[in-house]
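A.B. asks: Quick one: sequence and predicted model below, then my questions.
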Amino acid sequence: MIVLTVKEMAAAEAASGVADNILMEYDGRAVANAVAAHYPGRPDQKNKVLVLCGPGNNGGDGYVAARLLKEQGFAVRVAAVPPKTELAKAMAARWAGNVESLASAALKDAGVIVDAIFGAGLSRPLEKEMRALAGAVNESGVPVVAVDVPTGLHGDSGKADIAIRSDLTIAFHAKRPAHLLYPGRWLCGAVLVADIGIPAGTVKTPKLFENEPGLWRDEFPVARQSAHKYARGSVLVVSGPVHATGAARLAARAGLRVGAGLVSVASPPGAVAVNAAHLTAVMVKPFTGAKGLKTLLADKRINVLVLGPGIGVGVATRGLVMTALAAKRNMVLDADALTSFAGNPKALFANLNANCVLTPHEGEFEKLFPGLLKKSVSRVEAARAAAKRSGAVVILKGPDTVIASPDGTAAINTNAPATLATAGSGDVLAGLVGGLMAQGMAPVRAAMAAAWLHGDAAGRFGPGLIAEDLPEMLPESLANLGAKLLGGHANGA
């Protein structure tokens, strides 16, 4: 689950105690084994492998892979530019075959292309000749295996001006952000993490992860026979006016489905009838303005608030948020609760703490943190900076959702299908976070688990998904987790 930046990976290699030439041999062997496993060709005719080698250590990895594939009986050709690093020169010297010019003409008759031109450390756009080669590779239709990352892709940002598209990418020791962030995730194809001899535990305090159940499984709540509903937490979701009540109901149902013992919707008087008509297990509690919300919060059993879905943008919403923050409860702030502070985000940040979770999409993020996404190397860096600035956990939503806490811990969610781009899905996510926090999960872990469950439920439903379907798919997602949870060390609720 660990994800390492380019700088962190270099530090891990330096701290591993393994000589650089040995690491390069491991790198090349991992690439050769992957090619042999995924593109073996017919038993009577091995695939023709073309290895494209750049001037640096990525090219050195390519020379090792070429040598080992040739030893296995593959018909291997190498096209390269002259190596510049000492390691690359040493590995090139061990290649016994011819070396062709690294140009589009070399692609002729290739059955598989190994892209070992530039790795994750490339920080500049490709030059004219390399751009032309990348375009030719992409147009060739030949399967591509990338070494580290596809050529042209920035290892930390996941961004590229133009890059080679790979079918399979071999990541060494751990994934880079570019393997998980778009468009890098699309350019990398399938990603295989290869063991290259770096001992486990070399990275002492990892801070970036791929969001998987192993990150939060031990903290995930499992109901015990002895528990009553208040022991499983009480969530209060604040509803908007009569014409905008659906968002709050979606959040409330998600919170209840994910296991909160009691979920209520705080409803303006004019919306009570419509909310009551649609809700059964979720309670409806009338309130009027900030004063009314304060009265509801006198019930100390309410331990989480969800504010924002459909409540409207403006002064009244700012008042509700400030009243809720003054009550010192765990809180999820979404949608309108965030946009209402667009003109003065510092007024919000001054009252937030690490028990608050903010769930902005990119548009809302820009209103609270103007220019931060553009100035940051990556969405990970932007989310981390936002969490530090605000003092709260931040879920930067998108196809590659990033969850970040003020201490710099972050995770990239990778299981969200495209069908989640539908109205109301963010409201469901807010409810999931609230429901898990109510049951005792730490905010950052609740945010990670909620994002994963959100994607898992959507994936299980498949095409035709609308937001209302997500809570109804949660029992299946939870059942899938159940065996692992009950067999592990999950907390009782």
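C.D. replies: All right, it came through fine. Computed from a prediction, not measured in an experiment: that's the story for all the values here. Numbers count the residues shown, from 1 in each chain.
A.B. asks: Just give me the neighbour total for G121.
C.D. replies: The number of residues packed around G121, counting by other Cβ atoms under 10 Å, is 18. All C-beta spots, glycine's among them, are computed from the backbone N, C-alpha and C.
A.B. asks: ok, which stretches of the stretch 1-150 of the chain are strands?
C.D. replies: Listed in chain order, the strands of the stretch 1-150 of the chain (DSSP state E, counting those that start in this stretch) span 48-53, 75-80, 99-101, 112-116, 144-147.
A.B. asks: what's the answer for the stretch 201-350 of the chain, then?
C.D. replies: With DSSP E, counting those that start in this stretch as the criterion, the stretch 201-350 of the chain has strands at 208-210, 234-238, 262-267, 283-286, 304-307, 330-333.
A.B. asks: Direction included, what does the second one pair up with?
C.D. replies: By that I understand strand 234-238. strand 262-267 (parallel), strand 304-307 (parallel) (DSSP bridges).
A.B. asks: Also the fourth one?
C.D. replies: Strand pairing for strand 283-286, using DSSP bridges, gives strand 262-267 (parallel).
A.B. asks: Alpha carbons of the partner strand, as PDB, please.
C.D. replies: Taking C-alpha atoms only, strand 262-267 is exported to PDB below (Å, rounded to 0.1, in the frame of the first residue of the first chain):
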ATOM      1  CA  LEU A 262     -29.100   6.500  15.000                       C
ATOM      2  CA  VAL A 263     -29.300   9.000  12.200                       C
ATOM      3  CA  SER A 264     -31.600  12.100  12.300                       C
ATOM      4  CA  VAL A 265     -32.300  14.800   9.800                       C
ATOM      5  CA  ALA A 266     -32.600  18.400  11.200                       C
ATOM      6  CA  SER A 267     -35.300  19.900   9.000                       C
END
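A.B. asks: follow-up on the earlier one: so can I have TSV of the strands of the stretch 1-150 of the chain showing distance to A350, mean neighbour count and mean pLDDT?
C.D. replies: As requested, those are exported to TSV (distance: least, Cβ to Cβ, whole Å; neighbours: other Cβ atoms under 10 Å; pLDDT from 0 to 100):
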stretch	distance to A350	mean neighbour count	mean pLDDT
strand 48-53	54	27	97
strand 75-80	57	22	96
strand 99-101	61	14	96
strand 112-116	49	29	97
strand 144-147	46	28	98
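A.B. asks: I'd like these laid out as TSV, including distance to T280.
C.D. replies: Listed next are the strands of the stretch 1-150 of the chain as TSV, based on distance: least, Cβ to Cβ, whole Å:
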stretch	distance to T280
strand 48-53	62
strand 75-80	67
strand 99-101	71
strand 112-116	56
strand 144-147	52
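A.B. asks: between those, which one is nearest to T295?
C.D. replies: Set against T295 and scored by Cβ to Cβ, the strands of the stretch 1-150 of the chain come closest in strand 144-147, at 59.7 Å.
A.B. asks: can I have the closest one written out in CSV, keeping just the CAs?
C.D. replies: C-alpha atoms of strand 144-147 as CSV (Å, rounded to 0.1, in the frame of the first residue of the first chain):
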residue,chain,number,x,y,z
VAL,A,144,4.2,-1.7,-24.4
VAL,A,145,5.9,-2.6,-21.1
ALA,A,146,7.1,0.5,-19.3
VAL,A,147,10.1,0.5,-16.9
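A.B. asks: average pLDDT across the next helix or strand after it?
C.D. replies: Using DSSP states H and E, the helix or strand that follows strand 144-147 towards the C-terminus is strand 168-172. Averaging pLDDT along strand 168-172 gives 98.
A.B. asks: now strand 168-172 against strand 112-116, angle please.
C.D. replies: 40 degrees (axes from the mean of the first three to the mean of the last three Cα atoms, to 10 degrees).
A.B. asks: now strand 168-172, how far from the chain's geometric center?
C.D. replies: Mean C-alpha position of strand 168-172 versus that of the full chain (Cα atoms, centre = their mean, to the nearest Å) differs by 18 Å.
A.B. asks: cool, and stretch 297-307?
C.D. replies: 30 Å.
A.B. asks: and what of stretch 115-135?
C.D. replies: Relative to its chain's centre, stretch 115-135 lies at 25 Å (Cα atoms, centre = their mean).
A.B. asks: Now the terminal residues of it, how far apart.
C.D. replies: Using Cα to Cα, to the nearest Å, the end-to-end distance of stretch 115-135 comes to 13 Å.
A.B. asks: quick revisit: out of the strands of the stretch 201-350 of the chain, nearest to G141?
C.D. replies: Smallest distance to G141 across these (Cβ to Cβ): 30.1 Å, for strand 208-210.
A.B. asks: just to revisit the earlier point, of all the strands of the stretch 1-150 of the chain, which one comes closest to G440?
C.D. replies: For the strands of the stretch 1-150 of the chain, proximity to G440 was assessed by Cβ to Cβ; strand 144-147 is nearest, at 42.5 Å.
A.B. asks: could the strands paired with strand 234-238 go into TSV alongside distance to L338?
C.D. replies: Listed next are the strands paired with strand 234-238 as TSV, based on distance: least, Cβ to Cβ, whole Å:
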stretch	distance to L338
strand 262-267	18
strand 304-307	9
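A.B. asks: For those strands, give me JSON lines that also has mean pLDDT and mean neighbour count.
C.D. replies: As requested, those are exported to JSON lines (pLDDT from 0 to 100; neighbours: other Cβ atoms under 10 Å):
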{"stretch": "strand 262-267", "mean pLDDT": "98", "mean neighbour count": "25"}
{"stretch": "strand 304-307", "mean pLDDT": "98", "mean neighbour count": "30"}
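A.B. asks: circling back: now tabulate the strands of the stretch 201-350 of the chain in a markdown table and tack on distance to A248.
C.D. replies: Formatted as a markdown table, these follow (distance: least, Cβ to Cβ, whole Å):
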| stretch | distance to A248 |
| --- | --- |
| strand 208-210 | 32 |
| strand 234-238 | 5 |
| strand 262-267 | 5 |
| strand 283-286 | 10 |
| strand 304-307 | 8 |
| strand 330-333 | 12 |
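A.B. asks: closest one to N138 among these?
C.D. replies: Checking the strands of the stretch 201-350 of the chain against N138 by Cβ to Cβ gives strand 208-210 as the closest, at 26.4 Å.
A.B. asks: Okay, now the unreliable bits of the stretch 1-150 of the chain?
C.D. replies: Applying pLDDT under 70 to the stretch 1-150 of the chain flags residues 42-45.
A.B. asks: Which stretches in it count as helices?
C.D. replies: For the stretch 1-150 of the chain, the helices defined by DSSP state H, counting those that start in this stretch occupy 6-15, 20-38, 57-71, 86-93, 128-140.
A.B. asks: so which of those helices comes closest to T295?
C.D. replies: The nearest among the helices of the stretch 1-150 of the chain, by Cβ to Cβ, is helix 6-15 at 50.1 Å.
A.B. asks: Any buried residues in the closest one, and which?
C.D. replies: V6, E8, M9, A12, E13 (16 or more other Cβ atoms under 10 Å).
A.B. asks: what's the answer for stretch 458-477, then?
C.D. replies: By neighbour count with 16+ other Cβ under 10 Å, stretch 458-477 contains the buried residues A458, G459, R460, F461, L465, A467, D469, L470, P471, M473, L474, S477.
A.B. asks: Name whatever forms a beta bridge with the residue most central in space within the chain.
C.D. replies: Geometric centre of the chain, nearest residue: I412, 2.0 Å, by Cα atoms, centre = their mean. As for beta bridges, I412 partners with E210, V402 under DSSP bridges.
A.B. asks: Can you check which of the helices of the stretch 1-150 of the chain gets nearest to L153?
C.D. replies: With Cβ to Cβ as the criterion, L153 lies closest to helix 128-140 of those, at 10.2 Å.
A.B. asks: what residues does that closest one touch?
C.D. replies: Helix 128-140 has contacts (Cβ atoms under 8 Å, 6 or more residues apart in numbering) with 52, 102-104, 107, 110, 113, 115, 117-118, 125-126, 144, 151-152, 162-165.
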